[in-house]
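Participant: Attaching a predicted model along with its sequence, questions to come.
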Amino acid sequence: MAESIEVENDEQDGPDWYGLSVAVIAVALLALFWSMQWTLPFLLISVVVISIVIWQACDPFADAAQWIGTTLGIPGSVRGATLDAVASSLPELFSGIFFVTIAIAAASPDNLEAAGAEGFGATIATCAGSAVYNMILIPAIVTMTIAAFRKSRPTIDVEDEVLARDGVWFLICEMALLVFLFQNAMYWWMALILMGMYVVYISQLYRDTMIYRQRVKHIAHYFNIHGISAETATVVSELGKENHRVHPLLVDKIRDEIESGEVEGEEEVEEAPEGAGMLFGFFEVPLNMATAILILVVSTAIAAGACYFLVESTRGTAHALGVPTFFVAVILAAAASSVPDTFLSIGSAMRGDDSGAVSNAFGSNIFDICICLSIPLLVNSYLTNWDAVSLTQDGKPIAGLVGLRISLFVLTGITLGIMWHNRQLTFRKSLILCGLYGLFIAYAVLGSLGMLGG
């Protein structure tokens, strides 16, 4: 099975002609709509072009972040929750900051509270909509991709640890957010609480990584002494007598890696990427500390610029449609900002790391809630002299906020239940997930038409 996955991965190497083709078509349509002065189609296709720019900016950022993390010896799970999460969540972070700053900058001094409510409401919509996209649509897209390209194992297998740790942590962070959202206002100290939760989450990841490494070391040591032909049940039993609890699947995994030469000695060694791919993989920049830092800076600047135009396109689309910015942000801005997460998860699955593909989505959601909402909240509070950020407009909850609270909680429960069943995602389950996301889009559309209360 490992060999078949490796062969399929080789087929994915080289320039991404498919992505380039999509980009060329999108730019051509953008030019056409601009020349025809079709405002709404121009705004909608501009979001597609912006999402492609964000994707291409975050790709080399992720490679550079991985190189720095591996070179500095940062555990993979911690790097994934910090550097990799930043790489895939830059769009949500910058979009939230721009939604807040643009709304407040355009407001008169006596209207700052309402402007802050509008800007932060759009930030909530973007991050929450991105969370729904990551949680529902990314696993569905990854499963469909794997079903098409990985014929040897056309399903996504999810480890219990991913659901028990990342899934539970996402629920905890989501519950904290919902408690805050059910208030009439959000305060700067709420951002500090969410950030503190993220620190605790990273601490647990670090602890789990250290425990995992010890288990790998003990299993590899046992095989070195007794040979890799030792029965799995025997290995589990013997190590258990020494107070080393290991899972049979982990034993089988280490045996396979020893046989294939991926594990040398008694511990896994992670290799840093040699270069960062750019412009759909047509160019590769060799990585060292100088080029890695330069890529991080330039990619961040490009992503920030793209997110500014994403916010402007979202606000322009809302104005053209005559609907609240909240409902446009929950679809357009959320989907556009989740493009890097999508390709990151697809890449993990194509490398055979199914659990990584799912945990990437959960980790990104946790980062979105704890960091990408907290920083715009602090920025909003600072710009309004540390006043509370109102979650009401004209004495009523921000349009769509009540429905978003409910749908976010319900959809999370249903999706985790689907993943928990047999700990596996199949093509049929991916269709169900797509249907759930369709219901979420329907909610946003009906809400923009004023057909939903709250």
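Facilitator: Arrived safely.
Participant: helix, strand or coil for residue 285?
Facilitator: Judged by DSSP: H, G, I helix; E, B strand; the rest coil, the three-state class of residue 285 is strand.
Participant: so what's it bridging to?
Facilitator: Note on residue 285: beta-bridge partners by DSSP bridges are residue 276.
Participant: Next, the contact list for residue 112, please.
Facilitator: Residue 112 makes contact with 104, 383-384, 387, according to Cβ atoms under 8 Å, 6 or more residues apart in numbering. Bear in mind the C-beta positions are built from the backbone N, C-alpha and C, glycine included.
Participant: Find the least confident helix or strand in the protein, judged by mean pLDDT.
Facilitator: Counting by mean pLDDT, DSSP states H and E, the chain has its least confident helix or strand at helix 2-10, which shows a mean of 39.
Participant: And the contacts of residue 112, which is closest to residue 68?
Facilitator: Closest to residue 68 out of the contacts of residue 112 is residue 383 (32.4 Å), distances taken as Cβ to Cβ.
Participant: hmm, back to that, which of the contacts of residue 112 fall within helices?
Facilitator: Cross-referencing the contacts of residue 112 against helices under DSSP state H gives 104, 383.
Participant: how about the contacts of residue 112, which pair is most distant?
Facilitator: Most distant of those, by Cβ to Cβ, are 104 and 387, 11.4 Å apart.
Participant: Between the two, point out the one with more neighbours.
Facilitator: Taking other Cβ atoms under 10 Å, residue 104 and residue 387 do not tie; residue 104 has more neighbours (20 against 15).
Participant: quick one on the thing from earlier: any shared contact partners between residue 104 and residue 387?
Facilitator: With Cβ under 8 Å, 6+ apart, residue 104 and residue 387 have common neighbours 112, 116.
Participant: so who does the closest residue to residue 154 other than its chain neighbours touch?
Facilitator: Spatial nearest neighbour of residue 154, excluding adjacent residues (Cβ to Cβ, 6 or more residues apart in numbering): residue 147 at 4.3 Å. Residues near residue 147 by Cβ under 8 Å, 6+ apart: 154-155, 426-427, 430.
Participant: if you set the cut-off to 10 Å instead, what comes out?
Facilitator: 153-156, 425-428, 430 (Cβ atoms under 10 Å, 6 or more residues apart in numbering).
Participant: Same check on residue 16?
Facilitator: Contacts of residue 16 by Cβ under 10 Å, 6+ apart are 22-23, 56, 59, 277, 279-282, 343.
Participant: measure it to residue 340 for me?
Facilitator: To residue 340, residue 16 is 14 Å away according to Cβ to Cβ, to the nearest Å.
Participant: Helix or strand for the residue nearest in space to the middle of the chain, just tell me which one.
Facilitator: Closest residue to the average C-alpha location of the chain: residue 364 at 3.4 Å, with Cα atoms, centre = their mean. Assigned by DSSP states H and E, residue 364 belongs to helix 354-367.
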